[in-house]
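J.: let's see this in three dimensions:
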Amino acid sequence: MAGTLQFELVTPERVALAGEAQQVIVPGLEGQFTVLAGHAPLISALRPGMIEVAFADARTARVFVKGGVAEVDGEHLTILAERALEEETLDAQTVAAEITAAQAELAAANEDTARLDAASALALLETMRR
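T.: So this is what the prediction gives:
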């Protein structure tokens, strides 16, 4: 299909989301970026944040990821995420559990990068709880 790319979001447990996408917004470590068909090859670490997907069939999806790596090659976008939670499955109990985990990670972090990741995840999760 013209103007689309093959998108796949994978966690250690499963393929969380896949399909032909028109556009994917990715929370890169150095800032958010948008991937379209024909994008230049790229590998980027991910920060905790929301991936927003516009599929070719007009569906959309928003998925919270907690770190990982994105690889782009013009016709494909593969995201290997440490954890992925689809927005529609996030209830108050799940968000509360994720906040508790992020707080524990922040308290245990002994490196700047780990502290930054945990603080970013915590801030986003607090926003989602509201």
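
J.: chain center to the worst-scoring helix or strand of the chain on mean pLDDT: distance?
T.: Using mean pLDDT, DSSP states H and E, helix 112-129 stands out as the lowest-scoring helix or strand of the chain, at a mean of 78. Offset of helix 112-129 from its chain centre (Cα atoms, centre = their mean, to the nearest Å): 13 Å.

J.: how about stretch 41-54?
T.: Remark: stretch 41-54 is offset 5 Å from the chain centroid, using Cα atoms, centre = their mean.

J.: from here on, count from 4
T.: All set: I'll call the first residue 4, so the last point we hit is now stretch 44-57.

J.: OK, contacts around G71?
T.: Shown in contact with G71 (Cβ atoms under 8 Å, 6 or more residues apart in numbering): A48, L49, I82, L83, A84, E85. All C-beta spots, glycine's among them, are computed from the backbone N, C-alpha and C.

J.: how many residues are close by E91?
T.: Counted with other Cβ atoms under 10 Å, the neighbours of E91 add up to 9.

J.: kindly report the same for the one 5 residues further on.
T.: Here the count is done by other Cβ under 10 Å, and Q96 has 8 residues near it.

J.: please apply the same query to A84.
T.: 23.

J.: pretty sure it sits against V13.
T.: Yes: taking Cβ atoms under 8 Å as the definition, A84 is a contact partner of V13 at 7.0 Å.

J.: from E114, how far out is the closest residue to E108 other than its chain neighbours?
T.: Leaving aside its chain neighbours, E108 sits nearest to A121 (4.1 Å; criterion: Cβ to Cβ, 6 or more residues apart in numbering). Noted for A121: a distance of 10 Å to E114, by Cβ to Cβ, to the nearest Å.

J.: between the two, which is the more surrounded one?
T.: A count of neighbours by other Cβ under 10 Å puts A121 above the other of A121 and E114, at 22 against 8.

J.: show me what contacts that one?
T.: A121 makes contacts with A105, E108, L109, A112, as judged by Cβ under 8 Å, 6+ apart.

J.: give me the distance between the spatially closest residue to the third one that is not a sequence neighbour and A111.
T.: By the measure of Cβ to Cβ, 6+ apart, the closest residue to L109 outside its immediate chain neighbours is A121, 3.8 Å from it. A121 is 8 Å from A111, where distance means Cβ to Cβ.

J.: much appreciated, bye for now.
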